[in-house]
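**Student:** Structure, please.
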Amino acid sequence: MLKQILLIAGVVLGLVSHAVADEYKTKEVLPGIYTVMLKSGPGPNSTFIVTGEGVIVIDPGSSPEAGERLKKEIAKVTQKPVVYVINSHYHGEHTFGNAAFEGAQIVMTAQAGKTMLNSPGDRERKKWEKKHPGSKIRALEPNLTFQKELGIKLGKYYLRLIHPPASHTSGDLYIYIASYRVIITGGMVVAEQIPDMREASISNWIEALRKMEDLDAEIIIPGNGPVGNKPRVTLMKHYLMNLRTYVEDALLDGGALPDIQKKVGEKLKKKFSGWANHDRLDQNIERAFFEFVRN
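**Tutor:** Okay, the predicted model is just below:
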């Protein structure tokens, strides 16, 4: 009887593991540059770059298990070691996979590293512990930080890490690889979904996206959602501009925040009807409301 129970348990665990693996796909976006993403839905993307001298990982996922899953994907392509793990910002879905890559250089902006180790980072840990019960969620803090810009060269790949003024968060970075005309945006750009704006500085974000548009790039690997071309950046910018304009117009017309959320929310739902995460609209409208009032 015990053998039967153990056999059934093993089969169930195997099916669960296989089902989790089947949710993701790995795509070689450009030579040596791979992105691991959900087959459907707005989940976070992980990217890895295979060079002659080792591997660079960007945003290894939301848990140690996600990081281990990414390691298995990397092993299908190369046996070279992971040299760098770059976190685009401190949010848990982009950082808690770091735990699978101890021994690598963990790279963040100085501001993101500071935030990760303070109360916002603690809130992220508790949130993701609830989402991954039983997982040992922990922050593997950076051992390489920078203020405005950092260059990383590994093999034939030169990555330019750019830290804009506070935008999606106070510690964002995005990565520009000029020789491949690609930008790995982190949270600065999400595709086909309403962004998380709980910490956003909208005016700064719009300006940062304008500067991103000026870069000579063709391929955009967003922090969440499908890989695309340069219009991904413009669409993100247009969402933020529409949000800001609609809220400012509603404020000038008069009305309390709940009324503005209802009025502006209806406009944004209509204009961005094909995007996921409409439940974030009230949060975004509130953020734009208070940014306008403060200024």
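**Student:** The one helix or strand Val50 maps to - what's its average pLDDT?
**Tutor:** Using DSSP states H and E, Val50 sits in strand 46-51. Mean pLDDT, computed over strand 46-51, is 98.
**Student:** Please enumerate residues in contact with it?
**Tutor:** With contact meaning Cβ atoms under 8 Å, 6 or more residues apart in numbering, strand 46-51 is reached by 29, 32-37, 55-61, 66, 70, 73-74, 77-78, 80, 82, 97, 154-157, 159, 184, 221. No exception for glycine: its C-beta is placed from N, CA and C like everyone else's.
**Student:** And the residues you listed, which of them are buried?
**Tutor:** Neighbour-count burial (16 or more other Cβ atoms under 10 Å) is assigned, among the contacts of strand 46-51, to 29, 32-37, 55-61, 66, 70, 73-74, 78, 82, 97, 154-155, 157, 159, 184, 221.
**Student:** Scan the protein for its longest helix.
**Tutor:** Under DSSP state H, the helix in the chain containing the largest number of residues is helix 231-253.
**Student:** So which residue is smack in the middle of this structure?
**Tutor:** With distances taken as Cα atoms, centre = their mean, Gly223 lies nearest the centre of the chain, 3.5 Å away.
**Student:** what about that residue, helix or strand, and which?
**Tutor:** Judged by DSSP H and E, Gly223 forms part of strand 219-224.
**Student:** Residues contacting that strand, please?
**Tutor:** Residues contacting strand 219-224 (Cβ under 8 Å, 6+ apart): 29-30, 33, 35, 42-45, 47, 59, 88, 94, 180-191, 193, 227-230, 232-233.
**Student:** Now do it against helix 231-253, angle only.
**Tutor:** With axes from the mean of the first three to the mean of the last three Cα atoms, to 10 degrees defining the directions, strand 219-224 sits at 50 degrees from helix 231-253.
**Student:** how much space between the nearest residue to Val83 once chain neighbours are set aside and Leu209?
**Tutor:** Distance criterion Cβ to Cβ, 6 or more residues apart in numbering; nearest residue to Val83, sequence neighbours excluded, is Gly54 at 3.7 Å. Gly54 sits 31 Å away from Leu209, taking Cβ to Cβ, to the nearest Å as the criterion.
**Student:** quick one: the helices in the stretch 1-150 of the chain?
**Tutor:** 2-22, 64-75, 92-95, 110-116, 119-131 (DSSP state H, counting those that start in this stretch).
**Student:** still on that earlier bit, Gly54 and Leu209: who's more crowded?
**Tutor:** Between Gly54 and Leu209, counting by other Cβ atoms under 10 Å, Leu209 is the more crowded of the two (25 against 16).
**Student:** For the more buried one, list the residues it contacts.
**Tutor:** By Cβ under 8 Å, 6+ apart, the contact list for Leu209 reads 188-189, 233-234, 236-237, 240.
**Student:** Just the element for it, please.
**Tutor:** Short version: Leu209 belongs to helix 202-214, going by DSSP H and E.
**Student:** what mean pLDDT does that helix have?
**Tutor:** Throughout helix 202-214, pLDDT has a mean value of 99.
**Student:** ok, now stretch 173-186?
**Tutor:** Here the average pLDDT along stretch 173-186 is 99.
**Student:** likewise stretch 271-291?
**Tutor:** On average, stretch 271-291 scores 97.
**Student:** And it, end to end?
**Tutor:** End-to-end distance for stretch 271-291: 22 Å, by Cα to Cα, to the nearest Å.
**Student:** Could you check how far that stretch is from the centre of its chain?
**Tutor:** Relative to the centre of its chain, stretch 271-291 is centred 18 Å away, using Cα atoms, centre = their mean, to the nearest Å.
**Student:** tell me which residues in that stretch are buried?
**Tutor:** By 16+ other Cβ under 10 Å, the buried positions in stretch 271-291 come out as 272, 275-277, 280-289, 291.
**Student:** that older thread, give me the contacts around the longest helix of the chain.
**Tutor:** Applying Cβ under 8 Å, 6+ apart, the external contacts of helix 231-253 come out as 183, 185, 188-191, 194-195, 202-203, 205-206, 209-210, 212-213, 220, 222, 259-260, 263-264, 267-268, 271-272, 284-285, 288-289, 291-293.
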